[in-house]
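# Can you look at this prediction? I've put the sequence above it.
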Amino acid sequence: MSDHDIARLRAVTTRSISPENPTGASGRGGRATAGTGAEPGRELGQGWKISPSVVVGAHETIDLAAIEGCGRITHVWMTTHPDHWRSLLLRAYWDDADTPAVEVPVGDFFGQGWGRFAQLSSTMIAVNPHGGLNSYWPMPFRSAARITVENLGETPAVVYYQITYDLGADEAGSGYLHAQWRRSHPLQAGAVHPLLEGVRGAGQYVGTYLAWGGNSR
């Protein structure tokens, strides 16, 4: 039986980070009194979605999550306008590394390579018709995890997100999630587009998402 079987009892603490609760602290969800939903939620009051999203300014980088301890991210949910799927850059750093292990545009990370919705239902990635982007990739870390998003565009982007994670599990034998993105446009006739290169050390290759456009016959 897998240690992460849904029926298996585990000695972990589950937390959730969102714009309402950016630290994932216990009992702090839904406590915001200011935020992007303050005006439409003005008659609802505290306890409702008063801060459901963040605004990422042009050329700004913000932390979506900064987690201390040993644990595993189990679910990432995001949504933003498709205009920002290629211009928002998602990065993930494990255990205070200087170089991101994940560095992929938001849309491409969730299998939306052309900036247009494409229904995707799989064990690890699910993209819903109304723009909900879900990742169930296990993302273990031993001492810290940091996820950021950078807006490479010229206009602000509104981002909704929720990151769910466990703390307290023994991740000593787990591998880190790595994801990289590359683009060849245009790809010259007879040239090679590399899918994977420069990888060293033990690990498991879990696949490639490829968005292919034909410019000639």
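Happy to help now that I have it.
# any chance you could map the strands in this protein?
Along the chain, counting by DSSP state E, strands occupy 13-17, 53-56, 61-68, 71-79, 88-94, 102-105, 120-121, 125-127, 133-135, 139-141, 144-151, 157-167, 179-180.
# Skipping its backbone neighbours, what lies nearest D96 in space?
Residue nearest to D96 in three dimensions, not counting chain neighbours: A144, with 5.3 Å by CB to CB, 6 or more residues apart in numbering. For every residue, glycine as well, the C-beta is placed using N, CA and C.
# ok, the one you found - contacts?
By CB atoms under 8 Å, 6 or more residues apart in numbering, A144 lies in contact with 66-69, 93-96.
# Go again with 6 Å.
68, 95-96 (CB atoms under 6 Å, 6 or more residues apart in numbering).
# any low-confidence regions in the protein?
Applying pLDDT under 70 to the chain picks out residues 1-4, 38-40, 47-48.
# Pick out the residue nearest the middle of it.
Residue closest to the average C-alpha location in the chain (CA atoms, centre = their mean): V76, at 5.2 Å.
# For it, name its beta-bridge partners.
Beta-bridge partners of V76, counted by DSSP bridges, are S135, I163.
# S216: how many residues sit nearby?
5 (other CB atoms under 10 Å).
# Quick one: residues in contact with stretch 11-19.
24, 51, 53-54, 65, 162-169.
# What is the end-to-end distance of it?
End-to-end distance of stretch 11-19 (CA to CA, to the nearest Å): 27 Å.
# List the buried residues of it.
Across stretch 11-19, burial judged by 16 or more other CB atoms under 10 Å covers 12, 15, 17-19.
# Next: stretch 99-107.
By neighbour count on 16+ other CB under 10 Å, the buried set for stretch 99-107 is 100-107.
# Which single one of the residues you listed is nearest to P156?
V106 (14.8 Å; CB to CB).
# Give me the neighbour count for R142.
16.
# looking at it, it is touching D95, isn't it?
Yes. With contact defined as CB atoms under 6 Å, R142 reaches D95; the gap is 5.3 Å.
# related to what we said a few turns ago, for the residue nearest to D96, name its beta-bridge partners.
The partner residues for A144, given DSSP bridges, come to E68.
# Pull out the buried residues from the contacts of stretch 11-19.
Buried residues within the contacts of stretch 11-19, counting neighbours by 16+ other CB under 10 Å: 24, 51, 53-54, 65, 162-166, 169.
# quick revisit: now the contacts of A144 in TSV, with distance to F117 and neighbour count?
Output for the contacts of A144, formatted as TSV (distance: CB to CB, whole Å; neighbours: other CB atoms under 10 Å):
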residue	distance to F117	neighbour count
E68	36	13
D95	35	15
D96	36	12
